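K.L.:
what follows is a predicted structure for the sequence shown.
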Amino acid sequence: MSKVIDRMQKIVSELPQDYFDNMDEYATVGALIDLYLKKYGEDETTLIPGTNTHMNYEYFKNLYNKFKKN
């Protein structure tokens with residue numbers, strides 16, 4: 001987990017201070033995940049705990065569509 005925290009801190013430190021302005025918490029999380037996947041891709045840090053599934057674009061697209069229907 002410390003590897004992910006270090007990577008996230010590096011990503012955030014490289015962004016303009018107003019990067020997250022006008023984003024709600026869901027958009028902020030989505031933007032961070034997007035930036036993380038673009039920079040580091042899928043590796044051991046993107047595995048969903050207890051599964052062999054990676055948090056990737058397809059996973060989040062399916063999750064979004066599932067919640068969009070409700």
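P.N.:
Right, received. Where do you want to start?

K.L.:
so Tyr19: helix, strand or coil?
P.N.:
Using DSSP: H, G, I helix; E, B strand; the rest coil, the structure places Tyr19 in coil.

K.L.:
now do the contacts for it.
P.N.:
Contacts here follow Cβ atoms under 8 Å, 6 or more residues apart in numbering; on that basis Tyr19 touches Ala31. Glycine gets a C-beta too; all of them are placed from N, C-alpha and C.

K.L.:
gap between it and Lys10?
P.N.:
According to Cβ to Cβ, to the nearest Å, Tyr19 and Lys10 sit 14 Å apart.

K.L.:
what of Thr46?
P.N.:
Counting by Cβ to Cβ - Thr46 and Lys10 are separated by 16 Å.

K.L.:
so which of those two has more stuff around it?
P.N.:
Between Thr46 and Lys10, counting by other Cβ atoms under 10 Å, Thr46 is the more crowded of the two (17 against 10).

K.L.:
that one contacts His54, doesn't it?
P.N.:
Yes: Thr46 is within contact range of His54, at 4.6 Å (criterion: Cβ atoms under 8 Å).
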